[in-house]
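>>> Return atomic coordinates for the entry below.
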Amino acid sequence: MDLTPDQAAIAVERNDCPKCEAPAGSACRTRGGKTATKYHTARFILVPALREELDVLVPEDRGRGRPWKQGPPVEAVPAAAAAKPIRIGYARCSTAQQELQSQLDALEPVCKRIFSEKISTRVKTRPKLEAALKLAYDIKEAAPDQEVILTVHELKRLARNAAELMTLSNQLQRAGVQLELLTGPLTGIYDPNGMGAMFFAVLAVAAQLDRNYIREKTLEGQVTAATKGNHGGRPKVIDDDMLLFARALKDKGVPVPEIAKKLTIKTGKNAGQHPSVASVYRALADADAATEAPAGPDIIAPRRPTRVDLTGPGSGTDPELMQRLTRQVLGSADDVVNTLVEESEEQTDVVAALLAQARHEGEDA
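Numbering: from 1, shown residues only. Take a look at the predicted model:
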């Protein structure tokens with residue numbers, strides 16, 4: 001900053017504050033009605049010499065921290081045209097193990113203020129990105145003619161899919177904020193107005209293609225590792241050798257808690273420790289279930305016929321039909337019936353007696 005603190009304060013106070021609506025000639029104020037510690041960003045960016053400053057402090061003689069009082073009015077001056085664009089940098093990596101310094105090194109030469117965070121793009125709320133966007137929107141709202149650029153190292157630091165990037169590009173378009181990419185196939189500055197809207201659509205497609213490429217390569221790597229016996233995931237707490245030893249001890253009658261004390265984990269963060277009793281129980285149960293003989297095929301017994309009660313002709317409930325059938329049967333089997341009748345006269349067989357009775361009834365009819 002080429003201005004001294006007093007000169008900066010005078011230059012800032014020649015403009016009304018868009019944030020707290022403090023009139024020209026007065027310091028900014030807080031919501032509690034006190035004099036602010038520093039001028040609001042939306043106010044000091046109206047001064048070309050202060051547009052790249054992080055903050056501008058309010059001098060002590062303005063009553064900083066005390067109840068706000070309006071100063072003497074001064075003639076407001078129109079904001080000067082923007083001499084150079086304001087770049088707001090944003091850097092991000094997904095996990096704490098990834099390094100962030102390379103992005104910061106690329107952003108520091110061109111950006112006055114940089115927001116950085118270590119957070120995955122799968123998290124919908126990214127505080128530092130929202131803070132960078134808010135600052136860009138505030139600057140653009142306070143000085144519509146000021147050129148504001150959101151600068152990132154590469155496109156995937158903003159979003160990992162087309163839907164999210166299109167939402168962000170729409171917000172930048174509405175606010176009139178430009179986007180700058182320092183590396184990648186689409187390096188450059190993209191203005192959201194006019195033909196720049198087409199480039200934002202291209203950026204969205206490029207982000208989706210890049211995401212699909214990363215996913216395909218990841219799946220190929222997993223398949224290749226699986227063919228070599230590395231299936232990924234957490235290492236086994238109880239390997240095959242430990243399981244064989246545990247089963248041998250169990251067959252000898254050793255209690256499971258004692259077995260757990262005799263085993264030692266070989267790999268992982270718990271290497272050198274004993275597995276828990278629950279892990280031993282689970283491993284033994286899984287081994288027993290895997291070695292059980294497969295059950296034989298189910299034997300399906302024949303189903304018993306279902307009894308059906310019929311009514312009507314032929315069902316035994318029609319008297320005329322039954323009499324006619326009886327006459328026909330008895331008339332065609334006279335020899336058999338006569339033999340049975342003769343036997344019924346000599347014996348007391350119930351069946352023969354009934355047949356004899358039916359014979360006499362047939363003759364009477």
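>>> Read off the pLDDT value for A24.
pLDDT, A24: 89.
>>> ugh, wrong one, I meant A197
Looking at A197, its pLDDT stands at 68.
>>> just V337 next, same as before
So V337 comes in at 53 (pLDDT).
>>> What segments of this structure are strands?
Assigned by DSSP state E, the strands in the chain fall at 86-93, 113-118, 148-152, 178-181, 188-190.
>>> Any regions of the stretch 1-150 of the chain where pLDDT drops low?
Where the stretch 1-150 of the chain drops to pLDDT under 70, the residues are 1, 75-83, 96.
>>> Show me the helices in it, by range?
With helices called from DSSP state H, counting those that start in this stretch, the stretch 1-150 of the chain shows them at 5-12, 41-44, 101-107, 127-142.
>>> Which of the ones you listed sits closest to K262?
Across the helices of the stretch 1-150 of the chain, K262 has its closest neighbour in helix 101-107 (48.1 Å, CB to CB). Using the backbone N, CA and C atoms, a C-beta is placed for each residue, glycine as well.
>>> Which positions in that closest one come out as buried?
Q103, A106, L107 (16 or more other CB atoms under 10 Å).
>>> Number of residues surrounding the nearest residue to the last one once chain neighbours are set aside?
Which is L107. With CB to CB, 6 or more residues apart in numbering as the criterion, L107 has its nearest non-adjacent residue at 3.7 Å, and that residue is G89. By other CB atoms under 10 Å, 24 other residues sit near G89.
>>> With the one 5 residues further on instead?
For S94, the number of neighbouring residues by other CB under 10 Å comes to 15.
>>> confidence score at the nearest residue to P144 once chain neighbours are set aside?
Nearest residue to P144, sequence neighbours excluded (CB to CB, 6+ apart): G176, at 7.4 Å. In this model, G176 is scored at 87, pLDDT.
>>> how near is G176 to K19?
Using CB to CB, to the nearest Å, G176 is found at 19 Å from K19.
>>> about what we covered before: now do the contacts for the residue nearest to L107.
Applying CB atoms under 8 Å, 6 or more residues apart in numbering, we find G89 in contact with L107, E108, V110, C111, R113, I114, F115, A132, T151, V152.
>>> Just the buried ones from those residues, in ChimeraX syntax?
The following ChimeraX line selects those of those that are buried, judged by 16+ other CB under 10 Å:
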select :107,111,113,114,115,132,151,152
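>>> L284 reaches A248, doesn't it?
No: the criterion here is CB atoms under 8 Å, and L284 misses it with A248 at 11.3 Å.
>>> So for the two, which sits in the more crowded spot?
Set side by side, L284 and A248 show more neighbours around L284, with 17 against 11, by other CB under 10 Å.
>>> now that one: how far from A246?
6 Å.
>>> try P109
61 Å.
>>> Tell me which of the two has more neighbours.
The neighbour count for P109 versus A246, taken as other CB under 10 Å, is higher for A246 (22 against 7).
>>> How about the contacts made by that one?
A246 sits next to I238, I259, L263, V280, A283, L284 when contact means CB under 8 Å, 6+ apart.
>>> how does it look with 6 Å?
I259 (CB atoms under 6 Å, 6 or more residues apart in numbering).
>>> Kindly report the same for G63.
By CB under 6 Å, 6+ apart, the contact set of G63 is T35.
>>> Also G184?
Contacts for G184 (CB under 6 Å, 6+ apart) come out as E154, L155.
>>> ok, now how distant is it from P85?
Distance, G184 to P85, by CB to CB: 20 Å.
>>> Kindly report the same for D2.
Using CB to CB, one gets 19 Å for the distance from D2 to P85.
>>> Now do the buried residues in stretch 57-70.
Quick answer for stretch 57-70 (16+ other CB under 10 Å): V58, R62, W68.
>>> thinking again about what came up before, would you list the strands of the chain in JSON lines and tack on distance to A289?
As requested, the strands of the chain are exported to JSON lines (distance: least, CB to CB, whole Å):
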{"stretch": "strand 86-93", "distance to A289": "44"}
{"stretch": "strand 113-118", "distance to A289": "43"}
{"stretch": "strand 148-152", "distance to A289": "53"}
{"stretch": "strand 178-181", "distance to A289": "55"}
{"stretch": "strand 188-190", "distance to A289": "60"}
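>>> wait, which of those strands is closest to A226?
It is, among the strands of the chain and with distance given as CB to CB, strand 86-93, at 28.0 Å.
>>> what about dumping the CA coordinates of the closest one to PDB?
The C-alpha trace of strand 86-93 is given here as PDB (Å, rounded to 0.1, in the frame of the first residue of the first chain):
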ATOM      1  CA  ILE A  86      -8.700  -8.200  -8.400                       C
ATOM      2  CA  ARG A  87      -7.800 -11.900  -8.200                       C
ATOM      3  CA  ILE A  88      -9.200 -14.100  -5.400                       C
ATOM      4  CA  GLY A  89      -7.400 -17.400  -5.100                       C
ATOM      5  CA  TYR A  90      -8.800 -20.700  -3.900                       C
ATOM      6  CA  ALA A  91      -6.800 -23.900  -3.200                       C
ATOM      7  CA  ARG A  92      -8.100 -27.300  -2.100                       C
ATOM      8  CA  CYS A  93      -7.000 -30.900  -1.600                       C
END
